[in-house]
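Asks: sequence first, predicted model second:
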Number of protein chains: 2
Amino acid sequence: MARKSASGRIGIADVAVKAGVSHATVSRVMNGNFTVDPDIAARVRAAAAELKYQPNPVGRSLALGKTDTIGIVVPDLANPTFQAILRGLSRAAAQDGYRVLIADSFEVSSEESILAGEARRRCDGLVLCAPRMSDAELEEIAPSLHPLVLINRTTAAPNVPSLVVDYGQGVQDIAGHLVELGHTRLAFLAGPPRSASNEMRLKGLETFRAAHPEVEVTMLEGGSDFDTGHEAVDAVLQSGATGILAFNDLVAMGLMSGLHERGLDVPGDISVTGFDDIPFARYTTPALTTGAVPITELGEQAWHQLRALIRKEGNETPGGRYQPRLEVRASTGPAKAPRSTVHG
Amino acid sequence: MARKSASGRIGIADVAVKAGVSHATVSRVMNGNFTVDPDIAARVRAAAAELKYQPNPVGRSLALGKTDTIGIVVPDLANPTFQAILRGLSRAAAQDGYRVLIADSFEVSSEESILAGEARRRCDGLVLCAPRMSDAELEEIAPSLHPLVLINRTTAAPNVPSLVVDYGQGVQDIAGHLVELGHTRLAFLAGPPRSASNEMRLKGLETFRAAHPEVEVTMLEGGSDFDTGHEAVDAVLQSGATGILAFNDLVAMGLMSGLHERGLDVPGDISVTGFDDIPFARYTTPALTTGAVPITELGEQAWHQLRALIRKEGNETPGGRYQPRLEVRASTGPAKAPRSTVHG
DNA sequence: ATAGTGCGAGAAAGCGCTTTCTCGGTTATC
DNA sequence: GATAACCGAGAAAGCGCTTTCTCGCACTAT
């Protein structure tokens, strides 16, 4: 009865039988090949419609050598930054008829390359966000992942576009903003130790230090999430700094929450800044001063780069560099008289 | 050398040649079939390792009739609720070796069924979040989507588990909480008109009204995002209500932000509640009273249900119902003396 | 009228893999 | 020592589709 083989699903063969033509002709019709007689084509279409035939994408992929799917590897889907990249990527790719497969490494960077490889083989291309992967490992796997687009990383492998946010410049802008407000003792609440984007921030701060020897910049250990910021309150207070550059908005929010619990006023007692400008940053109390990154747009760009690679357009690895925009809100204000280590 | 055919990639044939055996044997070895002589197996493994052979998943999928991939259809990836479901789903599925393909309908519900169908055919199963799809449409496509798990929807189709949050009970709990605080004039800032979960809230409020005839409950038009809440300030003030139930946390946050701009105090002047308990809800100022839904866990459960279906375990469509937990925070407080329509 | 041309559709190969089927070579049994 | 039972590996079919190849037919040109 119109269904065949073990699969149970309607296949091209069923349509062929129903329309009284060969598989080949059905395939031609379904793919808009006009070398088919209009009458026959109509018959095939009618049969297909009646059987509700939908081509099996797996068979199609095997024959065509493409899946119309791209993959994205992220270290943590709970992080708003990666959510935004995913969103931008997904939207842009969908517009060109591509779907996205997600591979969340859950911060287990040891399995990131395997994950990336697996994802890549199921897809036509890959976007890789792997801030903690070592350079060596990245260099090793990058060639095998082509077409590949990197986020916030670079590689020597040819034809691998990198989309990178200039975190170095970003922290300098933020630090400059704090200094203008009169702060002379700053602290940087760092991100995860091996994070590439943290390295960029660190480099930026070095540059800043060199240009502003009068400003003291304390380095504090940190992480990338809300709790990190929350737990860092003591360290922050002990540093005696009045202007805090948090690794990102999440950390900044955690820190502000912790400071609030201690009865400290932001920005009255301490100014706090974040990074990324996630959607919620403008709605914290006080609203967060941050380095705004057009992160959804970055995801969108990632698709455009990847698309060029997939289509083999000779776009000599242009990549892209994004300048964060200093977004001054209410969490930063004039410095109080310098404090020494908090008593306690 | 060592590479064959147009594909350029190493295939099973290359390994077979290198190891001096047949395709079949390589396949057996790669799949841990022990009917192969250990010496030969070792030779095959050596050849595979040397060539860095990785089986092509598409060929494998076609032969095996499974893709080890599941799909999820969401109306809006920017919504923290769906992000959380995705996260829970992805994590749980990954643990069983499955990947997830995302299909964002971008609120275009007219294309949701097509999207769902396409996603389904590339995958072994589907999780469908389609709050705005009509019941009729859902009934029509549900059978063709099996294995299928529904989020916050139900269907008459057999063997389609539904994971639903009891929003009806949730709003009643919240309304009850407000009444206990002395509020007698409430307003519900509704969600998107055709949303199934909004319907559930509405039903819950009807029940509440019947049980509390002394309480006035005004219905206000709304939506599901931050801006909706922000724009609703006037309507809220005009309603004269002192206790506002927002459709979800996002709307509540927008509303609080708008009220703040008007110089109103929350909860001093007006109490505001949300729904969902998204991660940021506890960090708003004041912290948001809300109906907490274990949404990531729901995503996880979705996988478990789907897995049972894929494995054809005879789990007679158990589905699951989640009771929101009233999470009282600082955005609700005792009612002021009743206000009439705000002057102005 | 006959060979030449072109075009439309079926036959078949192939995408990369798994798996059944088959057969040659061992080992076991009497 | 001959027959049976067995086991391991190759040959081949098949998963569902696309595409090249091929062939038959109709139509044109000489």
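Replies: Okay, I see it.

Asks: can you tell me what sits against stretch A:207-225?
Replies: The contact list for stretch A:207-225, computed with C-beta atoms under 8 Å, 6 or more residues apart in numbering or on different chains, reads A:76, A:78-79, A:168, A:171-172, A:175-176, A:179, A:183-193, A:195, A:202, A:205, A:228-229, A:232, A:235-236, A:239-241, A:246-248, A:250-251, A:254. For glycine as for every other residue, the C-beta is placed from the backbone atoms N, C-alpha and C.

Asks: please work out the average pLDDT along it.
Replies: On average, the pLDDT along stretch A:207-225 is 96.

Asks: end to end, how far does it reach?
Replies: This stretch, stretch A:207-225, spans 26 Å end to end (C-alpha to C-alpha, to the nearest Å).

Asks: may I see the PyMOL selection of the buried members of the contacts of stretch A:207-225?
Replies: Remark: buried members of the contacts of stretch A:207-225, expressed as a PyMOL selection using 16 or more other C-beta atoms under 10 Å in any protein chain shown:
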select buried, chain A and resi 76+78+79+168+171+172+175+179+183+184+185+186+187+188+189+190+191+192+195+202+205+228+229+232+235+236+239+241+246+247+248+250+251+254
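
Asks: chain B next: which of the contacts of stretch A:207-225 are close?
Replies: Restricting the contacts of stretch A:207-225 to those near chain B by C-beta under 8 Å from any C-beta of the partner chain leaves A:Ala78.

Asks: and the pLDDT at A:Pro318?
Replies: 78.

Asks: which SS state does it fall under?
Replies: coil (DSSP: H, G, I helix; E, B strand; the rest coil).

Asks: could you report the neighbour count for the closest residue to it other than its chain neighbours?
Replies: With sequence-adjacent residues excluded and distances taken as C-beta to C-beta, 6 or more residues apart in numbering or on different chains, A:Pro318 is closest to A:Pro161, at 6.2 Å. By other C-beta atoms under 10 Å in any protein chain shown, 23 other residues sit near A:Pro161.

Asks: so A:Pro161 touches A:Leu150, yeah?
Replies: Yes: between A:Pro161 and A:Leu150 there is a contact at 7.1 Å, judged by C-beta atoms under 8 Å.

Asks: and whichever residue of chain A sits closest to chain B, how far is that from A:Met256?
Replies: Closest residue of chain A to chain B, C-beta to the nearest C-beta: A:Thr285 (3.3 Å). The spacing between A:Thr285 and A:Met256, counted by C-beta to C-beta, to the nearest Å, is 8 Å.

Asks: compare those two (neighbour count), which wins?
Replies: A:Met256 (28 against 18).

Asks: quick one: mean pLDDT over the helix or strand hosting that one.
Replies: For A:Met256, the host element (DSSP states H and E) is helix A:249-261. The average pLDDT for helix A:249-261 rounds to 94.

Asks: outside of it, which residues touch it?
Replies: Contacts with helix A:249-261, where a contact means C-beta under 8 Å, 6+ apart, come from A:79-80, A:189, A:191, A:222-233, A:236, A:244, A:246, A:265-266, A:269-270, A:272-278, A:280-281, A:284, A:286, A:288, A:290, A:331, B:280, B:283.

Asks: name the next helix or strand following that helix along the chain.
Replies: Next along the chain after helix A:249-261, taking DSSP H and E as the criterion, comes strand A:271-273.

Asks: SS state for A:Leu326?
Replies: Put simply, A:Leu326 is strand when judged by three-state DSSP.

Asks: wouldn't it be in contact with A:Gln172 here?
Replies: No: applying C-beta under 8 Å, one finds A:Leu326 not in contact with A:Gln172, separated by 9.9 Å.

Asks: now do the helix or strand harbouring A:Ala302, average pLDDT.
Replies: Taking DSSP H and E as the criterion, A:Ala302 maps to helix A:295-310. On average, the pLDDT along helix A:295-310 is 96.

Asks: OK, contacts around the nearest residue to A:Leu309 once chain neighbours are set aside?
Replies: Closest residue in space to A:Leu309, ignoring its immediate chain neighbours: A:Pro147 at 3.6 Å, by C-beta to C-beta, 6+ apart. A:Pro147 sits next to A:124-126, A:159, A:306, A:309-310 when contact means C-beta under 8 Å, 6+ apart.

Asks: next, count neighbours for A:Arg122.
Replies: Neighbour count for A:Arg122, taken as other C-beta under 10 Å: 25.

Asks: got the contact list for it?
Replies: By C-beta under 8 Å, 6+ apart, the neighbours of A:Arg122 are A:67, A:69, A:71, A:101, B:57-58, B:69, B:99.

Asks: confidence score at it?
Replies: Predicted confidence (pLDDT) for A:Arg122: 96.

Asks: so how far is DNA strand D from it?
Replies: 16 Å (C-beta to the nearest atom of the strand, to the nearest Å).

Asks: many thanks, have a good one.
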